[in-house]
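# here are the coordinates; sequence isn't available:
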């Protein structure tokens, strides 16, 4: 059966599957690492016990999520070679150094300080421990910087030439790193990570407040999370809009697919709210449209002409239905998150932030919304780039390894089985931790064994912690 | 050329260094995983796990640098070797997934702890075996046409690659056992001494077998080692192996604390140097040299700046993390 399948389709499925699993964890650990740094800073600053309890509570969850992010990330880093070897050969001189810099500046920083962050509070004392937490948080952001630079270059490649072997060769590193879509993509992704984390933190807070609105820890985390949602969601909508305009400039076919514009509109394009994109017929069936709105959003003018996919050679069309739908899922969730932020502001103003059941139920159901929005966003941008891996220059079909379908198919199957076992277990352990509310004297990771390593804990570390807690 | 130094050779040394750091650092924690089944008591396993929990992630990052650096500095070699080693690489990744998550998962469940312990041990074994097999498969050479791998899906599997796979399992286990001598006390440490004796002799046998088999793979390997004047340059390696072995036997006999681990590392370094002597200047043996595979100079220089500035820093804070968690790990006293 496997040999009838196209190895490129299988390789793409494998990349999409492993990537979709992976992206969830960085999105969560970028936000959570920063949140942990903020909590520890607040603890050092105010000395209030609630902050260190919350820190230890989220640290255990972070440890599990980070571990899963690491192992699924190692898979990603080798997949370029195993399944996309022609891509690796041709783009290696450009993408390779960017990823090597990610390892050198981000992964080592995170990994090096992670051990101290997880297990070292009593060994190094609170201040040095805070430095470790800060290094891990900074590491996650540096990692986002490089990987989004690499991805953005594949979307909007500049600053390169092509040599006799067909390899991309860098002419100007500054242009490659700060390529035209990079700033928009980086801001959009980091904000998405922060929103994703605030929704999870908010949902956990809401869950415990629904049972007892007087719990100190859940109150603090819920309040912080709702501030984050209220402040960042509108900024994210603006950033998304700017990113869209940038995409229109550099990857017009992607925007056509997102908007469902198979046809050109010489005098003002409508916004297709819903409909069924029909790739074969080249039209959107059963479309519900708002006239002129697409032109207004994209060109800031009601009657501005917008080109459609009919101006693009058919072999360069992205798969419109996927791009179209994933884009709508992301937008809808974005506005729901915005709505949650507004609701929380209103409740805060009325003084019912910790007692409003509708707000808590809303926040609880929105817990996974950030993950879904991030995934939908990545699906939009990655499928919208098709059929190219390096936009306009290297076709996906020409980037794959010379492998037969059974090889790619069986490894895909193996990853599916392994990921479902491992990540289902991880999700259960995380949810189990979340189901308990943060309590007085919360311990960090490995709370099941005695607190102190007898005789080898520096006295200053213990004294320092005692003084501050 | 930059300042009289050949960039491709420089990068070959950098990649070789990254891979070697990976081998010695992840080697002992993979080895410790493989020894798990021999230590059935929960308390022992807790101590073993805690002895590497704060540092394993940093250890494994060197694997990402080795792979990522290869793609960046020698994209052609990466593009040829990865499809050639498809199955062992996928197996290694899956093994690393299981053992990586076990570090956190086994503390979060009582009911399934034994299952995650098993995942830790099996994952370590599969990853190690796959790395050893991949090494053998590279040494025996891969079939290249143009800029592509042109061999079959099973080419990596041979008696020789199985031998190198087994050799690495033994070698990492020795590193794991000597690491336990360094980090533990009491009965656990006594058992680690006993295991180290057996593993040391098994490793010597494995080194001997691989050394005997390698010249038969290709006439070039044979000439590299046995033709004059190469033999004069290569001879110190086996002599040094004998010397290190003698020291290791003595340190085990005297029940020294840290020396067995570092001498086991020295054995690895010598074996690794031997591989380098066999392969240089090929990066894909008999097919692609480091100069043919090298990325454009511009890319190699760009990264060289980062490596020169950052690797010392990385080694610095990694060393600090090891220093923070120095000393013996005692039962029931996890790091917090």
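Perfect, thanks for sending it. Just so it is clear, the structure is predicted and the values come from calculations on it, not from any experiment.
# which outside residues touch stretch A:334-341?
Residues outside stretch A:334-341 that contact it (Cβ atoms under 8 Å, 6 or more residues apart in numbering or on different chains) are A:195, A:199, A:202, A:226, A:229-234, A:236-237, A:240, A:362-363, A:366, A:369-370, A:373. C-beta: built from backbone N, CA, C; applies to glycine.
# of those, buried ones?
A:195, A:199, A:202, A:226, A:229-230, A:232-233, A:236-237, A:240, A:362-363, A:366, A:369-370, A:373 (16 or more other Cβ atoms under 10 Å in any protein chain shown).
# Identify those among the contacts of stretch A:334-341 that sit within helices.
A:195, A:199, A:202, A:226, A:229-234, A:236-237, A:240, A:362-363, A:369-370, A:373 (DSSP state H).
# Keep the residues you listed, but drop any that are not near chain B.
Near chain B, judged by Cβ under 8 Å from any Cβ of the partner chain, there are no entries from these.
# Check whether residue A:377 really touches residue A:191, as I assumed.
No - counting by Cβ atoms under 8 Å, residue A:377 stays clear of residue A:191, with 11.0 Å between them.
# and residue A:317, backbone torsions?
phi -70, psi 140 (degrees, to the nearest 10).
# thought it was touching residue A:309?
Yes - at 5.7 Å, residue A:317 counts as touching residue A:309 under the criterion of Cβ under 8 Å.
# Which neighbours do those two have in common?
Joint contacts of residue A:317 and residue A:309 (Cβ under 8 Å, 6+ apart) are A:253, A:257.
# Name the residue in those two with the higher neighbour count.
residue A:309 (22 against 17; other Cβ atoms under 10 Å in any protein chain shown).
# Alongside chain B, which residues does the stretch 151-300 of chain A contribute?
Of all the residues in the stretch 151-300 of chain A, those lying near chain B are A:163, A:165, A:167, A:169, A:170, A:171, A:173, going by Cβ under 8 Å from any Cβ.
# what sits against the fourth one?
This means residue A:169. Counting by Cβ under 8 Å, 6+ apart, residue A:169 has contacts A:93, A:94, A:160, A:161, A:162, A:163, B:296, B:298, B:299.
# what do you get for the first one?
Listed by Cβ under 8 Å, 6+ apart, the contact partners of residue A:163 are A:169, B:296.
# Phi and psi next, for it.
phi -90, psi -180.
# Show me the contact partners of stretch A:259-272.
Contacts of stretch A:259-272 (Cβ under 8 Å, 6+ apart): A:255-256, A:275, A:277, A:282-284, A:287-295, A:297-298, A:302-311, A:320, A:324.
# swap the cut-off to 6 Å and go again
For stretch A:259-272, the surrounding residues in contact (Cβ atoms under 6 Å, 6 or more residues apart in numbering or on different chains) are A:277, A:282-284, A:287, A:289-295, A:302-303, A:305-311, A:324.
# Selection in PyMOL covering whichever of the residues you listed are buried, please.
A single PyMOL command selects the buried members of those (16+ other Cβ under 10 Å):
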select buried, chain A and resi 277+284+289+292+293+294+295+306+307+308+309+324
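# Out of the contacts of stretch A:259-272, which sit inside helices?
Those of the contacts of stretch A:259-272 lying in helices (DSSP H): A:293, A:294, A:295, A:324.
# TSV please, covering the contacts of residue A:169 and showing distance to residue B:42 and pLDDT.
Shown next, in TSV, are the contacts of residue A:169 (distance: Cβ to Cβ, whole Å; pLDDT from 0 to 100):
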residue	distance to residue B:42	pLDDT
A:93	50	89
A:94	50	92
A:160	56	86
A:161	60	87
A:162	59	88
A:163	58	87
B:296	54	86
B:298	55	86
B:299	50	87
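# Go through the residues you listed and name the one nearest residue A:59.
Of all those, the one with the least separation from residue A:59 (Cβ to Cβ) is residue A:94, at 37.3 Å.
# Can you get me a residue count around the residue nearest to the closest one when sequence neighbours are not counted?
Excluding its sequence neighbours, the residue lying closest to residue A:94 (Cβ to Cβ, 6 or more residues apart in numbering or on different chains) is residue A:168, at 4.8 Å. Residues lying near residue A:168 (other Cβ under 10 Å) number 25.
# likewise the one 3 residues further on?
Applying the criterion other Cβ under 10 Å, we find 12 residues in the vicinity of residue A:171.
# what do you get for residue B:87?
Neighbour tally, residue B:87, other Cβ under 10 Å: 21.
# do residue A:343 as well
Around residue A:343 there are 18 residues (other Cβ under 10 Å).
# what sits against residue B:11?
Residue B:11 neighbours (Cβ under 6 Å, 6+ apart): B:73, B:300.
# Which of the helices or strands spans it?
For residue B:11, the host element (DSSP states H and E) is helix B:7-35.
# Any buried residues in that helix, and which?
Within helix B:7-35, judged by 16+ other Cβ under 10 Å, the buried ones are B:7-8, B:10-12, B:14-35.
# swap in stretch A:430-442?
A:430, A:433, A:434, A:437, A:438, A:442.
# Can you name the two of those that sit furthest apart?
The widest separation within these (Cβ to Cβ) is 16.0 Å, between A:430 and A:442.
# just curious, which of the buried residues of stretch A:430-442 is nearest to chain B?
residue A:433 (7.5 Å; Cβ to the nearest Cβ).
# contacting residues for the closest one?
Residue A:433 neighbours (Cβ under 6 Å, 6+ apart): A:60, A:61.
# In a helix, it, correct?
Yes - counting by DSSP: H, G, I helix; E, B strand; the rest coil, residue A:433 is located in a helix.
# Against residue A:252, how distant is it?
46 Å (Cβ to Cβ, to the nearest Å).
# Show me the shaky parts of chain B.
Low-confidence segments of chain B (pLDDT under 70): B:1-5, B:228, B:331-336.
# quick one: the strands in it?
In chain B, the strands defined using DSSP state E lie at B:144-145, B:148-149, B:282-284, B:288-289.
# Residue A:62 is nearest to which of these?
strand B:282-284 (38.9 Å).
# the domain parsing of chain A - what is it?
A:21-179+A:403-442, A:215-390 (the TED database).
# Same list as before, those that is, but in a markdown table and with distance to residue B:240 included.
Below are the domains of chain A laid out as a markdown table (distance: least, Cβ to Cβ, whole Å):
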| stretch | distance to residue B:240 |
| --- | --- |
| domain A:21-179+A:403-442 | 31 |
| domain A:215-390 | 47 |
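# what's the most buried one of the ones you listed?
Most buried of these, by mean neighbour count (mean count of other Cβ atoms under 10 Å in any protein chain shown): domain A:21-179+A:403-442, with a mean of 21.
# residue contacts, the spatially most distant residue from the centre of chain B?
The centre of chain B is farthest from one residue, residue B:111, which by Cα atoms, centre = their mean lies 33.2 Å away. For residue B:111, the contact set (Cβ under 6 Å, 6+ apart) is empty.
# check which helix or strand covers the closest residue to chain B within the stretch 201-350 of chain A.
Among all residues of the stretch 201-350 of chain A, residue A:204 sits closest to chain B, at 16.6 Å; criterion: Cβ to the nearest Cβ. In the assignment (DSSP H and E), residue A:204 maps to helix A:182-211.
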